[in-house]
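[1] test case, fold it:
(one chain, ligands or ions: 1)
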Amino acid sequence: MIKLKNDRFLKTIWGQPVDVTPIWIMRQAGRYLPEYRLVRQRAGDFMKLCKTPELACEVTLQPIHRFSLDAGIVFSDILTIPDAMGLGLHFIEGQGPRFEKKLRSVHDIKALGVPDPETHLGYVLETIRLVQHELDGKVPLIGFCGSPWTLATYMVEGQANKTFPMIQSMLREEPAALHVLLNLLAVAVQAHLNAQIKAGVQAVMLFDTWGGLLGDTHYRDFSLHYIQQVIAGLWRTYDEQRIPVLLFTKNGGQWLEWIAETGCDVIGVDWHVHLGDARKRVNKIALQGNMDPAILSQSPEHIQQAVQRILEEYGTGSGHVFNLGHGITPDVQPEQVAILVDAVHTLSRPYHQKGE
Ligand code: 1CP
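    All right, here's what the predicted structure looks like:
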């Protein structure tokens, strides 16, 4: 068991008193950091960076060395699972991910296998072990996967897409085929998250980035159902530590009550949600979020004002992990991140004075 020097992140999740509100930032290791761009250049391409544990470890640690963040997240990508399933992933500069093979029929789907995490995703597990060795308990480390639905959107489209025409038509015309795929992905995601827990992460997060694309009923049947299946099979205690599950559904504010029933311990919310309302709606489950990432590109005063407003919206006591409502954008200056982290730690102190 790793003895943590800073355990605010885990404490707030379990509703225990903290001195200040913990913060980490989605995509905290990324292109806004000059030291990341250098290593990325050295690696040559993005997947090479993910698949070289020494380099992935280095970029995981960069934001933790630079800022007083309260958690780290392993450097990898949600699309490593489809890559390990044989779809052949590469990233095109300025255009995002592309798969060599696309899934268009039941036949394509039935030909897929479930990857064995140790064999096909061993580089992620090795990165986790290296990072934990280097961190030596400084802060907890988060492992992650995409939700089955979010992974399916990329696998069916074959690339990033804003309107998702292919998976929308598969959903209408071949729902049974889509369910076969989602089942397979649920098994793969669960196995990969459990392997990450075994390799040493202290929390796991599911990114359901494209769940909010779906209508009410479809969201429940095609996204939430499989998330629930994944969470039900996760190791919730490992090495005598409770492992929390964080679940982020972008544009999922209307479904918080349903999300709370999946068995997750933290609900990630985007900036369309009022944190105080969310707190009332999900009673007792911790929340993560929810500053609009665009604010981080503004003046120090605007950043501080936004932090103050969000802290006030949540109110006193533990149960809130500060974060953005989606990933940090590449145009942000590192100095702006330092201002954000400092503002959260300084301005949140009065909200934790009564040992809450
Ligand atoms: O060239 C580069 O450096 C590419 C930028 C980049 C980075 C920094 C990509 C490509 N992935 C990542 C790392 C990454 N991706 C992390 C690392 C850990 C951290 O947070 O610091 C994580 C957690 C992800 C997760 C991820 N990848 C998501 C879910 C979260 C979200 O932002 O919604 C998604 C949808 C992806 C797919 C992906 N990977 C990369 C791109 C450009 C995309 C999105 C493509 C699209 O627009 O759909």
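[2] start and end of stretch 21-37, how far apart?
    30 Å (CA to CA, to the nearest Å).
[3] so the residue of the stretch 251-356 of the chain found nearest the ligand is in which element?
    Residue of the stretch 251-356 of the chain nearest the ligand, by CB to the nearest ligand atom: residue 327 (3.9 Å). No exception for glycine: its C-beta is placed from N, CA and C like everyone else's. Assigned by DSSP states H and E, residue 327 belongs to no helix or strand.
[4] how many neighbours does the nearest residue to it once chain neighbours are set aside have?
    Nearest-residue entry for residue 327: residue 27, 3.6 Å, with adjacent residues in sequence omitted and distances by CB to CB, 6 or more residues apart in numbering. Neighbourhood size, residue 27 [other CB atoms under 10 Å]: 17.
[5] could you do residue 88 as well?
    Residue 88: 11 neighbours (other CB under 10 Å).
[6] next up, the contacts around it.
    99, 100, 101 (CB atoms under 8 Å, 6 or more residues apart in numbering).
[7] the same query, at a cut-off of 6 Å, please.
    Residue 88 makes contact with 100, 101, according to CB atoms under 6 Å, 6 or more residues apart in numbering.
[8] roughly how far apart are it and residue 327?
    25 Å (CB to CB, to the nearest Å).
[9] one step back: checking the residue nearest to residue 327 next. Helix, strand or coil?
    Put simply, residue 27 is coil when judged by DSSP: H, G, I helix; E, B strand; the rest coil.
[10] next, it: phi, psi?
    phi 60, psi 30 (degrees, to the nearest 10).
[11] can I assume it is in contact with residue 329?
    No. Residue 27 lies out of contact with residue 329 (CB atoms under 6 Å); the separation is 8.6 Å.
[12] which bits of the stretch 251-356 of the chain sit near the ligand?
    When proximity is defined as CB under 6 Å from any ligand atom, the stretch 251-356 of the chain approaches the ligand at residue 327.
[13] repeat that with 8 Å
    326, 327, 330 (CB under 8 Å from any ligand atom).
[14] isn't there a helix covering the last one?
    This points to residue 330. No. Assignment of residue 330 by three-state DSSP gives coil, placing it outside any helix.
[15] chain neighbours aside, what residue packs nearest to it?
    Once flanking residues are discounted, residue 330 sits nearest to residue 31: 3.9 Å by CB to CB, 6+ apart.
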